[in-house]
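**Student:** here is a sequence with its predicted model. Questions after.
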Amino acid sequence: MNAPDRFDLFILNEDEKKITEKPFAGMSNASDFIILKEDHTIGNLVSEHLKEHPHVLMAGYKVPHPNIPELMIRLQTDGTMTPREVFIDVCKKLVATLAQFGRDFTREYELRRIAAAGERGDGGPNGRA
């Protein structure tokens, strides 16, 4: 089989950088960001959030080949911010949003677990009131 080893799809080698920026000469204020060991999940998530940024004119992504674990995000800005600044800003906001989602999910899970324990009559963590 010509598929790469599974761990090669998500573990970076010592000489690899996760993200590389390459300015795109075909458009002004545009860069390509090559992200290693990622796929459509991150590509779609990041590019859709980039499109919502007020200084972004165009953002899109592609996965060059299914057997090569990398994706490319092309980003063009209006010039008031560099593509790198916008990319970093959007990624920081995404990390904060996902962290808040994790906290909200955990809180809701714990509340439902406590409510279910109360309905069963255990009342406490040891099964006693």
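**Tutor:** Happy to help now that I have it. Residues are numbered from 1 along each chain as shown.

**Student:** what's the longest helix anywhere in the chain packed up against?
**Tutor:** Longest helix in the chain by number of residues (criterion: DSSP state H): helix 83-120. Where contact means 3 or more Cβ pairs under 8 Å, 6 or more residues apart in numbering; DSSP states H and E, helix 83-120 is packed against strand 19-23, strand 30-36, helix 40-51, strand 70-77. In short, each C-beta sits where N, CA and C put it, glycine included.

**Student:** what residues of stretch 56-74 count as buried?
**Tutor:** Residues 56, 59, 61, 69-74 are the ones in stretch 56-74 that count as buried (16 or more other Cβ atoms under 10 Å).

**Student:** follow-up on the earlier one: buried stuff in the longest helix of the chain?
**Tutor:** Buried, per 16+ other Cβ under 10 Å, within helix 83-120: 83, 86-87, 90.

**Student:** pLDDT of it, averaged?
**Tutor:** On average, the pLDDT along helix 83-120 is 95.

**Student:** roughly how far is it from the heart of the chain?
**Tutor:** Distance of helix 83-120 from the chain centroid (Cα atoms, centre = their mean, to the nearest Å) equals 14 Å.

**Student:** and G26, what are its phi and psi?
**Tutor:** The phi/psi pair for G26 (degrees, to the nearest 10) reads phi -70, psi -10.

**Student:** could you do N67 as well?
**Tutor:** N67 adopts backbone torsions of phi -90, psi 0, taken as degrees, to the nearest 10.

**Student:** hang on, S31 packs against T20?
**Tutor:** No: S31 is beyond contact range of T20, at 10.0 Å (criterion: Cβ atoms under 8 Å).

**Student:** now the buried residues of stretch 56-74 as a markdown table including distance to R113 and pLDDT?
**Tutor:** A markdown table is the format used below for the buried residues of stretch 56-74 (distance: Cβ to Cβ, whole Å; pLDDT from 0 to 100):
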| residue | distance to R113 | pLDDT |
| --- | --- | --- |
| V56 | 41 | 98 |
| A59 | 40 | 97 |
| Y61 | 38 | 97 |
| P69 | 37 | 85 |
| E70 | 40 | 91 |
| L71 | 38 | 95 |
| M72 | 43 | 97 |
| I73 | 39 | 98 |
| R74 | 45 | 97 |
